[in-house]
Every structure is written in C-alpha cells, then in structure tokens.
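Chemist: Compute the structure for the input listed below.
(chains A and B)
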There are 2 protein chains.
Amino acid sequence: MTTINVGLLGLGTVGSGVAKILIEEAELLTLKLGHSLNLAKICARNLQAKRNFTPPPELLTTNPDDIVGNPDIPVVVELMGGLEPARTLVLRALAAGQHVVTANKALLATHGQEIFQKAVEMGREIQFEAAVAGAIPVIRALKEGLTANQIQSVFGILNGTTNHILTRMTQDGMTFHAALTEAQQSGYAEADPTNDVEGYDAAHKLALLTALAYGSLPKITDFHVEGVTRLEPDDFTSAAEFGYVIKLLAVSTMSPLDGRLEIRLHPAMLPSGSLMAGVNGVMNAVLIRGHACGDIFLSGAGAGMMPTASAVMGDIIETSRDLQPGGAPQVPALGWKSLRTWPIKPQDDVKLAYFLRFTVIDKPGVLAAISGVLGKHNISIAQVIQKGFDASRGGVALVILTHEAREKDLLTALAEAEKLDALTAPTRLIRVENRL
Amino acid sequence: MTTINVGLLGLGTVGSGVAKILIEEAELLTLKLGHSLNLAKICARNLQAKRNFTPPPELLTTNPDDIVGNPDIPVVVELMGGLEPARTLVLRALAAGQHVVTANKALLATHGQEIFQKAVEMGREIQFEAAVAGAIPVIRALKEGLTANQIQSVFGILNGTTNHILTRMTQDGMTFHAALTEAQQSGYAEADPTNDVEGYDAAHKLALLTALAYGSLPKITDFHVEGVTRLEPDDFTSAAEFGYVIKLLAVSTMSPLDGRLEIRLHPAMLPSGSLMAGVNGVMNAVLIRGHACGDIFLSGAGAGMMPTASAVMGDIIETSRDLQPGGAPQVPALGWKSLRTWPIKPQDDVKLAYFLRFTVIDKPGVLAAISGVLGKHNISIAQVIQKGFDASRGGVALVILTHEAREKDLLTALAEAEKLDALTAPTRLIRVENRL
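Modeler: Just a heads-up that it's a prediction; the model follows:
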C-alpha cells in the first residue's frame, strides 16, 4: 500500500480542520482509498496560537520551504488565504512539480490565468473545491457529473455572512447595521466586513463558477458587483407582499442566441416558493441549469472549519488517487481542456423585472406622472401598491413591480423621474429574478 | 487527439438521450475533454421503433455481440433495464475487458456483488450515476467530493412517480387511486405501477446509496420497504395540521455507538419547513449528513430522457478519461476499496415518532383507555387532536402524535388497542421523521 505525503500551508480554522481529518480519519480513508494519506508537515505563522485542533508539534514549521519544493511531499495544500505570499508559494510548488489544493477564491479569481497556466505546463493538479460554496461539491459537479451539459445558467447564494444578515433582516425585521453587528458578535462576520458585505467574496466565487460553466474566466471588475449594505427593512416587507425574498444572488447565464455571458452579483428578489429562497442563515446554495440535466440544486454549509475541510479533503483525495500507480491528472483544473473567451454583456443590456419604491407627495396625478415617465422608456408596470405616509421620508411610498425591461432604459427613466417635484426621497431599486 | 468508441445496449428513452448528446454535443465534449467520444454502435431490439431521437441507421444493430466483446469498443453502456439479459451482457463485457456504464438499479441492487467483483477482478470501471436520483450527481458526491466524511445519514426522495402522486394528494386532496390514474395518463406512471408505488424502485436505489455511504451493500429484503398505496387523503390533511408533509422517504443511517445500519423506505411525515418537504412533482432529492460536511442537500430531475442521459454521460466521460494515456480507473465502483459488512437493525428496534389515527366511538373514557394502553408500552403522547364524526368510518378520529418510541413497543400497543370495543375502524400509522 502506498502512502501519499501531504503538506499544509496555513493552520487557521480550515487548516486545523484538514489536519484533524487527516489524523483522526486515517483508518476510514485507507479503507476507502486503498492507500494512505500522511500529514507530513504543517507551516503555521504562529506555533503558539490557540486552535480548535492541536496537531503533533513535530509536524509544525514556520518555514514554507519545508513543504514547497520538498520532493517528499507531492501534495501541497494552501490554506493561508490572501494574495501574497500565497500566489508565490502556489506557483513555486507547481513549478517544483507538486500538486496544489487551495481554498483561496481571491487568489484564483485574481491570478487564476497565471496559476492554471502553470499547472497545465507542469501537468499538475490545481484543485479548489473549497473555494466555492464550502462543503457543497459543486465544482466537481460542473467538472465531472454534469460535463455533458451546455450550461444555461448558474445561480448561487455564495456568501454565508451576507445570507445570515439577510435572513435576520427577513425574519426579524432588523436593520442592516443591527444584523451586521450581531453577526460580528457571534463570529459570522469579520471586524472589517467589507469583503463579504460589498459582495467581493461572492464575486470571486461567481467568477470561478463562470469559468467552470463556460470555460471563460472573467475578472470581477468585468461584471456588476453590488453588496447588501443599502438594503432597508422596508425592502423586505415589500418583497414579502409581492411574494419574494431578498437574497444576495450570483448569476451567470448564457443564451446561445446571444453569444454573450451575463454575469452579475447583487441583491435580488426571488420567488418565495423557490428552493433558493429557502436557503437561510450561513447556508450556501447553487442551482445549475443545463440543457440536459435541467435544474440541479445543491445546498449546504458555505463555510466553517469542518465543512470547508471536507471539501479540501475531497481535493486531496482526488489528487492522491492520481498519484497511484497508473494514475494521472485527467480532469482539467477548470473542467475545460480548451478555455474559451466569451464577451460579457454590459449591465446596461441586462433585461430583468425590477422592484421600485418611489417616495412621493400624496396628491392626485403623481402615479400618472411616474407611470408616464416609465412608459416613455418602455418600462411597463406589472403591479403597484400605494402605502401610507412615511414620516422619515416625508411622503407616501409608491411600490412598483415592473415587467421585464432593459436596465439602461430603467435607469434612464429613473433619472428622469428623479426630476419630478413630487419625489421626496431617493427612489429604491431592487432587481427581481423570476427564473428561479 | 484520441477517440474513444462507445457502444450502447438499448435505445429506449434514456438510450435515445445518450445518443443525442453523443452526436449533437460532440464539439462541446471535445473542447472540455481534449479527446473525442464516438458513438460506434447501438444495439436495439426493434430497429423500426419510433423514437425521440433518430440516430444514423448505420449505427444500429440487433446483435449485442457487435458491442459486447468487440475489442474496438472499450466502453459499453447498458440501458436495457431488467435483470436478464442485462446481467449476462454486463458480466461478459467486463470479462472481455470492457468498461461498463449502466443506469440499471435493479440489476446492481440484485446482482451487485457479482458484478462489482468482476469489475475489480478485471480492473475495469462499472459506473452507475444514472441508477440513483437521475441527473443529480449524488453517487459522484459520495465517492469523491465527500469521501473524507463519516456519513451519518442519507435521506432521499428517490422515486419521481410516487413523489408526483403524493404531491397531487398533498396539494389537491386527491385519492391515491385518482392521482395514480392521472399519473398513468400523463406518462409519469407505468401501466403496471407496482415497482414504483410499492417502493421497490426506491428501495433498490436506497440499497446502492447505503453501499456508497457505508461500504456495505444490503439486499432490499433485508430492510423495511413500504409503498404509498395505503395513504388516504385524511393523512395529508392531518399531516398539515401538525406541520408536516408526507413523502416516500428513503433513510439509511448509522450511529457509531450502535454499529448497526438503520435502513428503511416508507411514507414519512417530514417537517413542512424542511428542504426535503419542498421537493415536489417528479423531482428527486438526497440529503447527505456527514461528520465534517454537515448537511448537503441535492435535488433535481429523477428521471426523463435528457436528465438521465446527462448522468449516463458523466459516467461515460469519466471512463473515457481513464482511457487516456497515463489514465487508469482510480475510484472504486462503490467508493470503497475494502467493502465492509454492517449488521442491519431490525425494524422493530427503530426509534421514531409516530402519527396515529384511531377511529373511535365518541364517548367519555376512550382517550383515557387508548392513552393507557400506549403508556403501558412506553409510548408517550406529544399531541392529540379529536376530529368530528366520520360517517365512512363510523366514529370520530382521534389523531395522536407520539414522542419517539421503539417500533416494537408501538406495534404491540396498537395490537392491544385494537381489542378495545371503542375502535370502529383500523388504526392508521405513519412514521414521522423529525431529523430533517
């Protein structure tokens, strides 16, 4: 029986989880795999840090070179996070002929071209199941099980922190600020929550899902990214009245007629009866819509020590199988032997239904004026609800759900409507995703 | 670039879908895989049959020996269904050194030992993603992405026909007979629906999921299998009153303390807020609960031409990757290099909550008598609802939800209660699954 040595770079939450599984589940893994995985070395910044799992001290080092470039360690697992030194170490490991497993979505979304290229050049694996949607085996589903599909759309709830916050806002009427503070206190949000609440974390994951689905890796600056910080409690009650739930939704879709990718990450109203709308708390979910498979919905823990470690282990195991006699890496890192380049549709060209909340003076003719402006720009109204006087905004709310419209037309109409004297507060806009 | 020849045995609904994808998506597959898949031969019983997709006539044969044992065709796809001649042909293909893909759950659940053994002996693949839960890549999830987990439980809705029937009974108050007739008329149920409605189809899939999760392949005669034919409209309204939905649920679970597998397939009341309760119509779903990953929920189409073909294609693709230079089968057929044998807990020892509906004469003391009998056998009552007079059953309904109890105790108590003069109709029992 062969033994495969594994080296860990990073012993934070996820690293501790991976170490724990490699050590505690050694017997189970051998039964399943027919070979052994040996945790050979762990590089940690701080050897004295308090951890959820304490590995044998003789495995620890502070020098990454004990792992990277070490010919006895064919599998390097990068769990440090951040762009550097992660990028340099991953590239050096690949250059030295080591296979790499990483959970670092920011690294791959930012420096993916370079890293995937190096892996191809060296004939080595770069695996990253844990980088998207935690424990959910969605990358493997796209690269393997669903490979024969023309992927039509991928929808996702990809960030647990914001989903937790939005769930509290939905279920308990909290403000964004209160829900964020609570999430920080309970450890679901970081002290600096920017990366999560502004959508960057989810956008990195969306870029990777897009590459897996369509063979074309976008930059997150190439598509619309909008976080959850401006959502207000009223939005959630209005959403419920129209039969919707608000989620931070990742969308990557392609119409074969169009030949352009539509990629966007923003708060969206989803039909409350959809499976995606039922994904609450820190859970993540992905819906893959393929021409043959139809809708495949996957949900589970998007973060956390053991769920993320479970995904990292899946990659370590696949890599170790490739290292068995007769084995070789067969599945390309992004699931495509030949990557492609698809143009990305400008957000202005996107067609969606929209939720709008105008705050207006309560007098006759206002609805006519607003609907006139919308109509002039080809925005047709599906539903209107007029609400009572809102003292904080100095007017009554006119809540409108539009039919599908081109975003550019909608924004133009809104800019024109803003000039009406009847408006007493800025108009709110939330996109509606009815295809779920 | 290499080309891998694929031979199809069977050109029914799924076979037509696989042929369609192999022919129509050839370009996409080459881009993804870096090699080509060539549909070399199709064996069909009837060359004149009307089909959803018509492959080039020169590919067709009625002689399986044009495929099985043909040294030019390394991948044989068995989509005939049934036990024979499927079993003989699959064994012959493996013996001849061919890799096999099949969607035949009955074949594998019945003759799996022999077939998996032959595949190991020959060092060949036997893949069967399409045999369980159609398009959902659940087998790959258990064999690959989630391999590092101690699986604690697998729950599933594994039969689309019965889920469609139960959905109609839930949403529209239909009787079983009416819902079945409608399903037959719309093509969701076969003329002889026994295999679906009595639970055998789902039980075969549950046996395979159990093998993947725990490394031990049970026979369907080794566990409790109960279909949906005896469910009544009243059961669904009572379930809703208690906050439950009735589904035909597959359960395979193991407590490490116990060392016994608990496997069962029966109608169950599930909390109506659970993801599983929201799986309607012909959809299937599987929830995998692992010690590290937590709950991973997967849902999608459980049957149909293209969804099933999508799953078959995933297997063909993985097999074709193994056939590339330097490639070799690395993942054991059931995900375990060493299979194990776990004892199966007798259904009598299962502990669950139960829904009971007694039909009784409406007079004082009846509830006391029934609860006395239950209490004597350690069955404690969680909730009771007394309903109005039911003329068809000649009594009032006393609907009871128990706390968790041992099944043997419950059945003993029910047998004793049956002797009470106050009962005017047989008592109904439905198991309750609160762990979802």
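
Chemist: How far off centre is the helix or strand that contains residue A:178?
Modeler: In the assignment (DSSP states H and E), residue A:178 maps to helix A:176-185. Here helix A:176-185 is found 20 Å from its chain centre; the criterion is CA atoms, centre = their mean, to the nearest Å.

Chemist: then the helix or strand following it to PDB, C-alphas only?
Modeler: Next helix or strand after helix A:176-185 toward the C-terminus (DSSP H and E): helix A:194-197. Extracted C-alpha coordinates of helix A:194-197, given in PDB (Å, rounded to 0.1, in the frame of the first residue of the first chain):
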ATOM      1  CA  THR A 194     -16.200  44.800   3.500                       C
ATOM      2  CA  ASN A 195     -15.100  41.800   1.600                       C
ATOM      3  CA  ASP A 196     -18.400  40.000   2.400                       C
ATOM      4  CA  VAL A 197     -21.000  42.800   2.600                       C
END
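
Chemist: Pull out the buried residues from helix A:194-197.
Modeler: A:195-197 (16 or more other CB atoms under 10 Å in any protein chain shown). Heads up, the C-betas are built off the backbone N, CA and C, glycines and all.

Chemist: Can you pull out the low-pLDDT segments for chain A?
Modeler: With pLDDT under 70 as the threshold, chain A has low-confidence stretches at A:256.

Chemist: which residue ranges form the helices in it?
Modeler: Using DSSP state H, the helices found in chain A span residues A:13-24, A:26-33, A:86-95, A:105-122, A:138-140, A:160-172, A:176-185, A:194-197, A:200-214, A:233-241, A:305-322, A:366-376, A:407-417.

Chemist: Dump those to TSV, plus distance to residue A:292.
Modeler: Conversion of the helices of chain A to TSV gives the following (distance: least, CB to CB, whole Å):
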stretch	distance to residue A:292
helix A:13-24	34
helix A:26-33	30
helix A:86-95	34
helix A:105-122	27
helix A:138-140	18
helix A:160-172	30
helix A:176-185	39
helix A:194-197	35
helix A:200-214	14
helix A:233-241	33
helix A:305-322	24
helix A:366-376	39
helix A:407-417	31
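
Chemist: Nearest to residue B:285, out of those helices?
Modeler: helix A:138-140 (15.8 Å; CB to CB).

Chemist: show me the contacts for the closest residue to residue A:191 other than its chain neighbours.
Modeler: The shortest distance from residue A:191 to any non-neighbouring residue, by CB to CB, 6 or more residues apart in numbering or on different chains, is to residue A:184 (6.7 Å). Counting by CB atoms under 8 Å, 6 or more residues apart in numbering or on different chains, residue A:184 touches A:190-191, A:193.

Chemist: swap in residue A:143?
Modeler: With CB under 8 Å, 6+ apart, residue A:143 has these contacts: A:212, A:331-332, A:334-335.

Chemist: Which ChimeraX command selects the buried ones in those?
Modeler: A single ChimeraX command selects the buried members of the contacts of residue A:143 (16+ other CB under 10 Å):
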select /A:212,331,332,334,335
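
Chemist: Could I get the contacts of residue A:143 in TSV, plus columns for distance to chain B?
Modeler: Listed next are those as TSV, based on distance: CB to the nearest CB, whole Å:
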residue	distance to chain B
A:212	10
A:331	7
A:332	7
A:334	10
A:335	6
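
Chemist: For the contacts of residue A:143, give me JSON lines that also has distance to residue B:146.
Modeler: Formatted as JSON lines, those follow (distance: CB to CB, whole Å):
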{"residue": "A:212", "distance to residue B:146": "19"}
{"residue": "A:331", "distance to residue B:146": "17"}
{"residue": "A:332", "distance to residue B:146": "22"}
{"residue": "A:334", "distance to residue B:146": "21"}
{"residue": "A:335", "distance to residue B:146": "19"}
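
Chemist: And the contacts of residue A:143, which two are furthest apart?
Modeler: Farthest pair in the contacts of residue A:143, by CB to CB: A:212 and A:331, 11.0 Å.

Chemist: Let me know the outermost residue of chain A.
Modeler: Of all residues in chain A, residue A:364 has its C-alpha farthest from the mean position, at 45.3 Å, by CA atoms, centre = their mean.

Chemist: Point out the residues in the stretch 301-436 of chain A that sit beside chain B.
Modeler: A:301, A:304, A:306-307, A:309-311, A:313-314, A:316-318, A:321-322, A:324-328, A:330-332, A:335-338, A:340 (CB under 8 Å from any CB of the partner chain).

Chemist: Buried only: go through the residues you listed for me.
Modeler: Buried, going by 16+ other CB under 10 Å: A:301, A:304, A:306-307, A:309-311, A:313-314, A:316-318, A:321-322, A:327-328, A:330-332, A:335-337, out of those.

Chemist: Now residue A:337: closest residue in space, sequence neighbours ignored.
Modeler: In space, residue A:337 is closest to residue B:34, 3.1 Å off (CB to CB, 6+ apart).

Chemist: Next, give phi and psi for that neighbour.
Modeler: phi 80, psi 0 (degrees, to the nearest 10).

Chemist: Okay, it and residue B:324: tell me how far apart.
Modeler: 8 Å (CB to CB, to the nearest Å).

Chemist: and the closest residue to residue A:242 other than its chain neighbours, how many neighbours?
Modeler: The shortest distance from residue A:242 to any residue other than its chain neighbours is 5.7 Å, reached at residue A:401 (CB to CB, 6+ apart). Number of residues near residue A:401 (other CB atoms under 10 Å in any protein chain shown) recorded here: 20.

Chemist: Just list whatever residues bridge to residue A:401.
Modeler: Beta-bridge pairing of residue A:401 under DSSP bridges involves residue A:355, residue A:383.

Chemist: OK, contacts around it?
Modeler: Taking CB under 8 Å, 6+ apart, we find residue A:401 in contact with A:242, A:353-356, A:381-384, A:432.

Chemist: can you redo the residues you listed as JSON lines with neighbour count and distance to residue A:375?
Modeler: Formatted as JSON lines, the contacts of residue A:401 follow (neighbours: other CB atoms under 10 Å in any protein chain shown; distance: CB to CB, whole Å):
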{"residue": "A:242", "neighbour count": "16", "distance to residue A:375": "21"}
{"residue": "A:353", "neighbour count": "16", "distance to residue A:375": "16"}
{"residue": "A:354", "neighbour count": "23", "distance to residue A:375": "14"}
{"residue": "A:355", "neighbour count": "22", "distance to residue A:375": "18"}
{"residue": "A:356", "neighbour count": "23", "distance to residue A:375": "14"}
{"residue": "A:381", "neighbour count": "15", "distance to residue A:375": "8"}
{"residue": "A:382", "neighbour count": "13", "distance to residue A:375": "13"}
{"residue": "A:383", "neighbour count": "12", "distance to residue A:375": "15"}
{"residue": "A:384", "neighbour count": "14", "distance to residue A:375": "13"}
{"residue": "A:432", "neighbour count": "22", "distance to residue A:375": "19"}
